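Asks: predicted coordinates and the sequence they were generated for:
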Amino acid sequence: MTMASGTPGRLAVMRSGIGRLGVRPIALIGLGILLVVLVAAIAAPLIAPYDPDTYDALIRLSPPNPAHWFGTDQFGRDTLSRVIHSARMALLVGVGVVTFALATGVPIGVFSALFPRLGRVSMRAVDVLMAFPSLLLALGLIVILGPSVANSIIAIGAGFLTTTARIVYGLTLRLKTETYVEAARSMGSRTGWLVLKHILPNLVSPLLVQASFVFAFAQLSAASLDFLGLGAPPGIPSWGNMLAESRNFITRAPWLLFFPGMMIVLTAFALNLAGDALRDRLDPRFRGLFRGEG
Amino acid sequence: MWSYALRRAGATAVTLAAASVIIFAFIHLIPGDPIYVMLGDSATPDQVETVRHTLGLDQPILVQYAAWVGAVLQGNLGHSIFYDAPILSVIADHAETSILLASLTMVWVLLIGVPIGMVTAMRHGSWLDQGLSGLAMLLASVPTFWVGLYMILIFAAWLGWLPSSGFPSLLDEGGLANLRYLILPSITLAAPNAALILRLTRASMLDVSREDYVRTARAKGIRPWRVVTRHIFRNALLAVVSAFGFTFAALISEAVVTETVFALPGIGRLVVQSILQRDYPVIQGVVLVIVVLYLLVNFLVDISYRLLDPRVELQ
């Protein structure tokens, strides 16, 4: 009885606290998953129970057991250790693609909006790149650049460069007509100052939302490239590579398929949740919608 | 309307012309001599020169581009090194699978995405809405090939209900029954796209439901169901129509992986095989066809959007 009356009270306090922060409880689940992936990536050598590359032919394709919680693969390598080490690749690809997309898309979008002549050419070029479906663009770039982790980042990032530039272009066009921007301009502010002081700070929130979605889709695209044998070299532990290697053993060792796949799903899901929560928080049109006020 | 269509067609043609330059440049951007890359180190100088001449790579670059565009306009996309056949016929041989797969996928996407999107919008804020919206987001976060591998494991390997790979043409023995080969791949491909359409339908219906004309319709005492079907849903469908271009691009990207998982003789798998076999002229030809189709779909989407909503103007 005490428990029953105590629990809702505590929940109510939690909810009101979360509500004040503007975070939906489900978004907290997303943040929790991301934290786990982050810790796994940073502390992989400390957390992983075995060396991810140690072969042991005697225990190959062992199902999950107390010694190997996630079982072992066709070479007898510990799946849990490889899953944990693969988080590093996920983080590297995610951060790399987001950095590439923002570092290229933001300047293109901002300067295209501020300088209409430049914009007419550059945004047309962006439109042309957008005519290529993202995975095809990535595959074409991989053929030109060669398969490697760095080239995967560039190839996947190129697809998000276009969407980022488009979003930033639209937002900057709107921002430059704002009274405070026009006032700064009429007071003789230089373009560089205008961008740093008035444009970029206003782009931070929407770019955070974009970054979380880019991070999520980068995971799926990287896994696809790895699966096709055109991403990270086969020896490097990555969730996509693990799935590609396990496809020949799906009936004999289905657990090899489950754990790395689940990690991709959970990471992408968590990032999508975070992105949605951020958008709901930052876009006034969505406020209250999910509490039934909309 | 006609002037809108003409202007839109002009913009599409300009984009296509620019895209053709990129597609043409593809072979020239491959590091090293692309002929050696394609034929391998064991190729004799005579063979290399023959292929170079056949592909026209011994001509000045502008002459090569003009010749390529001229040939493409006459329906000649070049010659496949691996298949030793005209690229257009290689693509045609792989088209049946991809067209049927895409059609079947779109049926699933519309049958699942639109009705469930409607229900979640009508019950927004409820547990049903939160649950189904959460499920949609989960589906959008699942790698297509992972779903595909599980489909093979469960429905082909364990239950034995459906075939796991390949697709014999409908013209072959078996006829329409051969469509069963596409059931698992099409469901795999539909999962993330149905999730996208569901979310879009939901968001669009919520947007429309705040419009003044909906409030007016409600104030006039029109029955709630009629308001939903006639005033909200029909206008919300506009956003779904506009997403067709995006869905088409997503389908192509995911079909590359799905066709590989299910070993389907489609265009997506042709791209991957051509990359692994270094049959670059085929990649060039397939990418050109896909870009043309993509731009055409976007053009038709824009025109139909304009027909459905006359307020839309060309930006």
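Replies: Yep, it's here.
Asks: contacting residues for A:Val195?
Replies: Going by C-beta atoms under 8 Å, 6 or more residues apart in numbering or on different chains, A:Val195 touches A:Val110, A:Leu114. Where you see a C-beta, it was placed from the backbone N, CA and C, and this is true even at glycine.
Asks: equivalent analysis for the one 3 residues further on, please.
Replies: Contact criterion C-beta under 8 Å, 6+ apart gives A:Leu175, A:Glu178, A:Tyr180, A:Val181, A:Ala184 as the residues in contact with A:His198.
Asks: of those residues, list those near chain B.
Replies: Among the contacts of A:His198, not one lies near chain B by C-beta under 8 Å from any C-beta of the partner chain.
Asks: narrow those residues to those that are buried.
Replies: Buried by 16 or more other C-beta atoms under 10 Å in any protein chain shown: A:Leu175, A:Val181, A:Ala184, out of those.
Asks: which of these fall within helices?
Replies: A:Leu175, A:Val181, A:Ala184 (DSSP state H).
Asks: can I get the residues you listed in TSV with pLDDT and distance to A:Ala150?
Replies: Listed next are those as TSV, based on pLDDT from 0 to 100; distance: C-beta to C-beta, whole Å:
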residue	pLDDT	distance to A:Ala150
A:Leu175	88	34
A:Val181	83	38
A:Ala184	85	39
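Asks: of those, closest to chain B?
Replies: Chain B has its nearest neighbour among these in A:Leu175, at 17.8 Å by C-beta to the nearest C-beta.
Asks: what distance do you get for the closest one to A:Leu118?
Replies: 17 Å (C-beta to C-beta, to the nearest Å).
Asks: OK, contacts around the residue most central in space within chain A?
Replies: Centroid check for chain A by C-alpha atoms, centre = their mean gives A:Phe215 as the closest residue, at 1.4 Å. By C-beta under 8 Å, 6+ apart, A:Phe215 lies in contact with A:Gly94, A:Val95, A:Val97, A:Val98, A:Leu271.
Asks: ok, and of the residues you listed, which contact chain B?
Replies: A:Leu271.
Asks: where does pLDDT dip in the stretch 151-294 of chain A?
Replies: Residues of the stretch 151-294 of chain A meeting the criterion pLDDT under 70: A:283-294.
Asks: please list the residues of it that sit near chain B.
Replies: Counting by C-beta under 8 Å from any C-beta, the stretch 151-294 of chain A sits next to chain B at A:216, A:220, A:223-224, A:227-230, A:240, A:243, A:247, A:250-251, A:254, A:257, A:261, A:264-265, A:268-269, A:271-273, A:276, A:289-292, A:294.
Asks: let's see that with 7 Å instead.
Replies: Applying C-beta under 7 Å from any C-beta of the partner chain, one finds that the stretch 151-294 of chain A approaches chain B through A:216, A:220, A:223-224, A:227-228, A:230, A:243, A:247, A:250-251, A:254, A:257, A:261, A:264-265, A:268-269, A:272-273, A:290-292, A:294.
Asks: please, a ChimeraX command that selects the buried ones among the residues you listed?
Replies: Per 16+ other C-beta under 10 Å, the buried members of these correspond to this ChimeraX selection:
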select /A:216,220,223,224,227,228,230,243,247,250,254,257,261,264,265,268,269,272,273,290
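Asks: element containing whichever residue of the stretch 51-200 of chain A sits closest to chain B, please.
Replies: The minimum distance from the stretch 51-200 of chain A to chain B, using C-beta to the nearest C-beta, falls at A:Leu135 (3.5 Å). Per DSSP states H and E: A:Leu135 is located in helix A:134-145.
Asks: that helix - contacts with which helices or strands?
Replies: Under the contact criterion of 3 or more C-beta pairs under 7 Å, 6 or more residues apart in numbering or on different chains; DSSP states H and E, helix A:134-145 touches helix A:149-175, helix A:200-227, helix B:244-261, helix B:267-276, helix B:280-308.
Asks: with distance to B:Glu211 added, can I get those helices in a markdown table?
Replies: Converted to a markdown table, the helices and strands packed on helix A:134-145 look like this (distance: least, C-beta to C-beta, whole Å):
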| stretch | distance to B:Glu211 |
| --- | --- |
| helix A:149-175 | 22 |
| helix A:200-227 | 25 |
| helix B:244-261 | 23 |
| helix B:267-276 | 40 |
| helix B:280-308 | 16 |
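Asks: nearest to B:Met38 among these would be which one?
Replies: Proximity to B:Met38, assessed across the helices and strands packed on helix A:134-145 by C-beta to C-beta, is greatest for helix B:280-308 (6.0 Å).
Asks: number of nearby residues for B:Ile303?
Replies: 15 (other C-beta atoms under 10 Å in any protein chain shown).
Asks: got a pLDDT number for the closest residue to it other than its chain neighbours?
Replies: With sequence-adjacent residues excluded and distances taken as C-beta to C-beta, 6 or more residues apart in numbering or on different chains, B:Ile303 is closest to B:Ala5, at 5.6 Å. B:Ala5 carries a pLDDT score of 85 in this model.
Asks: any idea how many residues pack against B:Ala5?
Replies: By other C-beta under 10 Å, 15 other residues sit near B:Ala5.
Asks: tell me which element it falls in.
Replies: helix B:2-29.
Asks: what helices or strands is that helix leaning on?
Replies: helix A:116-130, helix B:61-73, helix B:280-308.
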